[in-house]
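Novice: Fold the following and give me the result.
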Amino acid sequence: MTTTTLAVLVPLLPFLGAATGLLLGRTAPGFVRPLAVLPTLAALVLAAIVAVRQGGDATVDAATELTPTGSVPIELALHIDGFAALVAVLVGLVATCVQVYSTGYLRDDPRYPSYAALVSLFTSAMFLVVYSGDLMVLLVGWEVMGICSYFLVGHYWETPEARAASLKAFLVTKLGDVPFLIGLLALATDAGSFRITKVLGTVAHGGLDHPTPIALLLLAGVAGKSAQFPLHTWLPDAMAGPTPVSALIHAATMVAAGVYFVARLLPVFEASRAAMVVLAVMAAVTMVGSGLAALAQDDIKRVLAYSTIGQLAYMTGALAVGDRGAAVFHLISHGAFKALLFLAAGVIIHASGTNSLAAMSRMTGLRERVPDAFWTMTVALLALAAIPPFSGFFSKESVLGAAEHVSTGHTEHAPAAAGWIVLVAGLLAAVLTAAYATRLWLLAFRGRGAEAPDHGRQPLTMTVVLWVLAVPSLALGGFAYRSLPDWFDGRDLAPTPTTSVLGTGLALVGALAVYSAWRHTTARAARVPLGAVAAHPEGDAALVEAEAIATHTPAYGSVASAPDPADPGRLLLGPLHRHAATGFHLDAVHTTLFVRPVQAGASLVRFLDREVVDTYVRGAGALPRWLGTAVRRAQTGNVQTYVSALLAGTVVLVVAVLLVATGA
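Specialist: Numbers count the residues shown, from 1 in each chain. Here you go, the predicted model:
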């Protein structure tokens, strides 16, 4: 088969698997699991073959016009360069691992057939985004992922949290998708084509007439899809869905689509220096804000959700300084260890017998109960914290190195201000990332909360996947930074001495600060005697919390909601903790800026429709009705009355004529 044919089959196979799974899910349940795993696995193999054939050299391009439009044509086009080839392999690997893992995680779920089919459709849509050479076809995959996320996040629709989270994810991303669509249409109008190659050719020759408005409109969609400030609030709430879905969304689909889109069309954004600065500011705010929020979360999946937001901000920061090689390098590295983190968290959640959430304040004894999750999550957290030689160190340092290079004015692709913004924020985020990663490890595996019920050993399909993903989390970075430049524009991805020392040193500072705070708070909680609350009814709240944990009784409504007195995040953040725990009240800001104005507008429209429009409609009907009533009452059926009225009318007419004649 030709490379083009193989590339067409990559998104087609999961799509066919999804369609067949939906059709046979109820009538032939024995085929559901093979239909979930095998098409995705085959797509992974084909994506790997396409990558080997492409080899990082000549781009694979093919196109056929779908239908005449009379203006800008829409084509079913492929555009596979080194970036697309490797990102497709990542998507196939993570999706296959998620499908295999889900056979154990959701083995007793009655809605597993529809779940598996939607995951396959989700995967197919992301493959379409990665391989597409036409912006309109890319938009199809972009929107299909949005609707799949709505259904998958709301999989546990019996719970109000899942229903609200799915609706919020859909609406917030649509808030960005509307300007995104306008930006795509404006870009195609300027370029005269939706083909990515033609758009980039137009940009290269300076033919883009409105680069800044187009870039900013596109960034709105990217912010929604990739959960960047200020449209990131849907992602932490989306943790109400099944954990394998969280792994898929965070590691290889949905949120990765926005970063990949900017990487593919980076020259469009580089045509506007203002847009690059906006992208840098967005990345910087997201990095620091998400790191602080992650340090204050109690639910393990919400910590990882805010972590994803921050790591995506590193990628957008790399794009803001014009280095898409560093951005996609971190995208691939992050995809491996973030999928591992979520799936390991799923093992913990599965062991505790809950559906989707697990409060770290309740965890204890997990190291012995889930050793596979303990060791693999330790590897993934070290990669997340960018500790050498784990993969996250090399990819994150490539981002910081690119920012340092731009900050010294050594490039024409981005302003030096963008470099400084990304560099400073990236170093601050390095401290915070190591801090919340250390906190998660301490609370999850060395916590002293109320022990959850033990539901026995986990299915083999779940634990094997963890070790498969641990390999790239450990070894990918050291291998990739030497070989990936041949695939990624030839730019050097090796760590630079300055940022390596600063980044690693700051990461160690963050980890040691959390460990010291944890030791202090643990010792303090251990010294609190039972009955201290009675002795200090209005004293330190930590005493209330300590006794609640020690007696396994709720001090804040339930044990799950009671904060752990040994939580170092509370000590380090101080009064900022309560604000960070709620995401700095950005949901309230969104409510004020968007929800309430829309509701007020809807109320106004309803009032005008009811009191104005309906009034005129009712009036238009009332006048003929009144006239009809008057005429009906005049029709008495009495001949004498009719003759009398006729004579009276005649008299009136005669008098009127005489008056007119006399006046004349």
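Novice: What's the mean pLDDT across the helix or strand in which residue 304 is found?
Specialist: Counting by DSSP states H and E, the element that carries residue 304 is helix 300-320. The predicted model assigns helix 300-320 a mean pLDDT of 96.
Novice: Which elements pack onto that helix?
Specialist: For helix 300-320, the packing partners by 3 or more CB pairs under 8 Å, 6 or more residues apart in numbering; DSSP states H and E come out as helix 234-237, helix 243-251, helix 255-264, helix 273-294, helix 324-352, helix 391-407, helix 416-445. For glycine as for every other residue, the C-beta is placed from the backbone atoms N, C-alpha and C.
Novice: residues contacting residue 43?
Specialist: The contact partners of residue 43, taken as CB atoms under 8 Å, 6 or more residues apart in numbering, are 9, 10, 11, 13, 14, 92, 95, 123, 127.
Novice: one more time with 7 Å, if that's ok
Specialist: 10, 13, 14, 92, 127 (CB atoms under 7 Å, 6 or more residues apart in numbering).
Novice: so for the helix or strand harbouring it, what's the average pLDDT?
Specialist: Element membership of residue 43 [criterion: DSSP H and E] is helix 32-54. Taken as a whole, helix 32-54 has an average pLDDT of 95.
Novice: on that earlier part again, any chance of the contacts of residue 43 in a markdown table, with pLDDT too?
Specialist: Formatted as a markdown table, the contacts of residue 43 follow (pLDDT from 0 to 100):
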| residue | pLDDT |
| --- | --- |
| 10 | 97 |
| 13 | 97 |
| 14 | 97 |
| 92 | 97 |
| 127 | 97 |
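Novice: Roughly how far does residue 585 sit from residue 293?
Specialist: 11 Å (CB to CB, to the nearest Å).
Novice: who has more neighbours, those two?
Specialist: Here residue 585 and residue 293 are set side by side on neighbour count (other CB atoms under 10 Å), and the busier one is residue 293, at 28 against 12.
Novice: closest one to residue 49 among the helices and strands packed on helix 300-320?
Specialist: When those are compared by CB to CB, helix 324-352 sits nearest residue 49, at 18.0 Å.
Novice: Show me what secondary structure element comes after that closest one.
Specialist: Counting by DSSP H and E, the next helix or strand C-terminal to helix 324-352 is helix 366-369.
Novice: Buried residues in the helix or strand that that next one is followed by, which are they?
Specialist: Once helix 366-369 ends, the next helix or strand along the chain (criterion: DSSP H and E) is helix 371-384. The neighbour-count check on helix 371-384 (16 or more other CB atoms under 10 Å) flags 372, 373, 374, 376, 377, 378, 379, 380, 381, 382, 383, 384 as buried.
Novice: confidence score at residue 335?
Specialist: What the model reports for residue 335 is a pLDDT of 96.
Novice: Next, the angle from the helix holding residue 304 to helix 391-407.
Specialist: 40 degrees (axes from the mean of the first three to the mean of the last three CA atoms, to 10 degrees).
Novice: Distance from the chain centre to helix 300-320, please.
Specialist: 10 Å (CA atoms, centre = their mean, to the nearest Å).
Novice: That one versus helix 371-384: what angle between them?
Specialist: Put simply, helix 300-320 runs at 30 degrees to helix 371-384, going by the same axes, to 10 degrees.
Novice: where in the protein is pLDDT low?
Specialist: Under the criterion of pLDDT under 70, the regions of the chain flagged as low confidence span 353-357, 365, 448-456, 525-566, 664.
Novice: related to what we said a few turns ago, could I get the helices and strands packed on helix 300-320 as a markdown table with distance to residue 116?
Specialist: As requested, the helices and strands packed on helix 300-320 are exported to a markdown table (distance: least, CB to CB, whole Å):
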| stretch | distance to residue 116 |
| --- | --- |
| helix 234-237 | 23 |
| helix 243-251 | 10 |
| helix 255-264 | 21 |
| helix 273-294 | 31 |
| helix 324-352 | 16 |
| helix 391-407 | 29 |
| helix 416-445 | 29 |
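Novice: Ok, which of the ones you listed comes nearest residue 74?
Specialist: Per CB to CB, nearest to residue 74 of the helices and strands packed on helix 300-320: helix 255-264, 17.6 Å.
Novice: Which strands or helices does that closest one pack on?
Specialist: For helix 255-264, the elements it packs on are helix 82-105, helix 112-131, helix 211-225, helix 300-320, helix 324-352, judged by 3 or more CB pairs under 7 Å, 6 or more residues apart in numbering; DSSP states H and E.
Novice: switch the cut-off to 8 Å
Specialist: Packing partners of helix 255-264 (3+ CB pairs under 8 Å, 6+ apart): helix 82-105, helix 112-131, helix 135-153, helix 211-225, helix 300-320, helix 324-352.
Novice: so can I have a markdown table of the ones you listed showing distance to residue 512 and mean neighbour count?
Specialist: Supplementary listing: those in a markdown table, determined by distance: least, CB to CB, whole Å; neighbours: other CB atoms under 10 Å:
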| stretch | distance to residue 512 | mean neighbour count |
| --- | --- | --- |
| helix 82-105 | 32 | 26 |
| helix 112-131 | 39 | 26 |
| helix 135-153 | 37 | 22 |
| helix 211-225 | 34 | 23 |
| helix 300-320 | 19 | 29 |
| helix 324-352 | 22 | 28 |
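Novice: As a markdown table, the ones you listed with distance to residue 239 would be great.
Specialist: Conversion of the helices and strands packed on helix 255-264 to a markdown table gives the following (distance: least, CB to CB, whole Å):
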| stretch | distance to residue 239 |
| --- | --- |
| helix 82-105 | 15 |
| helix 112-131 | 16 |
| helix 135-153 | 9 |
| helix 211-225 | 17 |
| helix 300-320 | 4 |
| helix 324-352 | 9 |
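Novice: Residue 510: which of the ones you listed is closest?
Specialist: Distances from residue 510 to each of those were compared by CB to CB, and the smallest falls on helix 300-320, at 12.7 Å.
Novice: could you point out which element follows the helix holding residue 43?
Specialist: Next along the chain from helix 32-54, counting by DSSP H and E, comes strand 60-67.
Novice: buried ones in that next one?
Specialist: The neighbour-count check on strand 60-67 (16+ other CB under 10 Å) flags 60, 62, 63 as buried.
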